[in-house]
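S.K.: sequence and predicted structure, then a few things I'm wondering about:
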Amino acid sequence: GMSIKASLLGDEEARRWCHDHGVESRAQAGGINSLGGALTNPELSSEIIRLVEEYGAFPANARNVTMSSDSLLIARRTGGLSARAIGENAAPTTSDVTFDNVQLVAKLWGVDNRVPMSLIEDSVIDLADAMAVEVAQAFAEAFDNSGFIGTGNGALYHGTTGVAVAINDGTHSASVVTAGTNNDIFADLTLTDFTAVVARLPLYARRNAKWYISPAGYGSSMLRLMVAAQGNNVADVAGGANLSFLGFPVVLCHPLESRLSGTANQIACLFGDLSQACTYGVRREVSVKTDASRFIEFDQLLTFATARVAMVAHDLGTTSAAGPIVALKFNA
């Protein structure tokens with residue numbers, strides 16, 4: 001807030017405060033550069049990045065990689081060496097380690113906002129704090145929507161196919177557990193449905209396994225089952241503020257199925273190690289620019305935040321072998 005006040009409003013007291021506290025101001029001394037805009041200080045961008053990771057389930061739990069260009073190929077191991085029994089005076093059969101590539105293509109995401117200059121003059125510090133939260137939540141929501149339920153639509157999801165959509169396309173059927181007969185809504189799911197999901201997950205993915213479910217789905221299924229089983233001791237089995245179910249952490253994800261009816265054949269929740277199934281690539285972290293001249297006739301400040309990231313679900317199993325993340329699907 002002090003940085004914006006110093007750079008865009010030319011406030012001398014704010015400039016002194018920024019200088020004394022080591023806050024970088026990237027605007028020229030006149031307050032507005034030749035294009036009418038200025039980059040905000042790194043502290044604000046860093047705070048937004050932290051909040052994106054805090055609010056967003058996909059960036060926080062997928063494998064994070066730094067991209068040195070707009071496109072990145074990541075080697076993926078698809079097969080390994082095999083130890084075989086060897087007969088006397090016989091040579092073993094050769095085995096090989098095999099690889100393929102996962103491609104990440106960074107896409108540009110942006111959040112823009114117009115704020116009255118009078119509001120900045122009166123409460124710039126509170127405004128900067130609120131802006132950091134709002135921008136971070138907007139990015140986190142967009143990344144979660146694309147990473148979990150993206151359909152490949154360019155306008156909505158920047159061409160990303162989310163993990164809950166990709167796992168249900170028929171080519172990863174070994175990673176999909178269908179709920180019991182007539183269990184087509186959250187209120188009908190049973191403990192047997194959830195334990196079947198745990199049983200399906202391969203051993204190598206269990207160390208960092210978590211449940212991914214919407215708040216509505218959690219309350220109508222998991223919490224309901226825990227209350228029925230434990231009565232007044234539900235806080236103990238639920239883990240209090242740190243939600244858990246069947247001994248594994250629960251991550252609440254708003255984009256996942258939230259309807260309490262009409263959910264037949266839909267994905268109810270996910271379970272497994274998202275970092276082994278999906279990758280979140282960062283070409284450029286959040287950058288925030290401000291422009292005081294774009295809407296000068298309205299006496300408004302334009303704030304424009306952008307980030308270049310990529311999201312891909314690449315290891316979801318096959319029709320014969322479950323992957324590192326599995327899904328519970330409502331019955332028809």
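M.R.: Yep, it's here.
S.K.: burial count for residue 170?
M.R.: Here the count is done by other Cβ atoms under 10 Å, and residue 170 has 8 residues near it. All C-beta spots, glycine's among them, are computed from the backbone N, C-alpha and C.
S.K.: which pLDDT does the model give it?
M.R.: Residue 170 carries a pLDDT value of 94.
S.K.: could you pull out the strands for the stretch 101-250 of the chain?
M.R.: Along the stretch 101-250 of the chain, counting by DSSP state E, counting those that start in this stretch, strands occupy 107-116, 176-178, 210-213, 244-245, 248-252.
S.K.: pLDDT on the second one, on average?
M.R.: Translated: strand 176-178. Here the average pLDDT along strand 176-178 is 98.
S.K.: hmm, which helix or strand of this structure has the shakiest average pLDDT?
M.R.: helix 234-238 (a mean of 48; mean pLDDT, DSSP states H and E).
S.K.: measure residue 191 to residue 124 for me?
M.R.: 53 Å (Cβ to Cβ, to the nearest Å).
S.K.: so if I had to pick from these two, which one is more boxed in?
M.R.: More crowded of residue 191 and residue 124, by other Cβ under 10 Å: residue 124, with 24 against 15.
S.K.: state the distance from the more buried one to residue 14.
M.R.: Taking Cβ to Cβ, one finds residue 124 at 8 Å from residue 14.
S.K.: what does residue 75 give?
M.R.: For residue 75, the distance to residue 14 - Cβ to Cβ - is 50 Å.
S.K.: rewinding a little: most tightly surrounded among the strands of the stretch 101-250 of the chain?
M.R.: A comparison of the strands of the stretch 101-250 of the chain by mean neighbour count, using mean count of other Cβ atoms under 10 Å, puts strand 210-213 on top with a mean of 25.
S.K.: put the alpha carbons of that one into CSV.
M.R.: Only the C-alpha atoms of strand 210-213 are listed here, as CSV (Å, rounded to 0.1, in the frame of the first residue of the first chain):
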residue,chain,number,x,y,z
LYS,A,210,-5.1,-37.6,0.3
TRP,A,211,-8.8,-37.4,-0.4
TYR,A,212,-10.0,-34.6,-2.7
ILE,A,213,-13.7,-33.8,-2.3
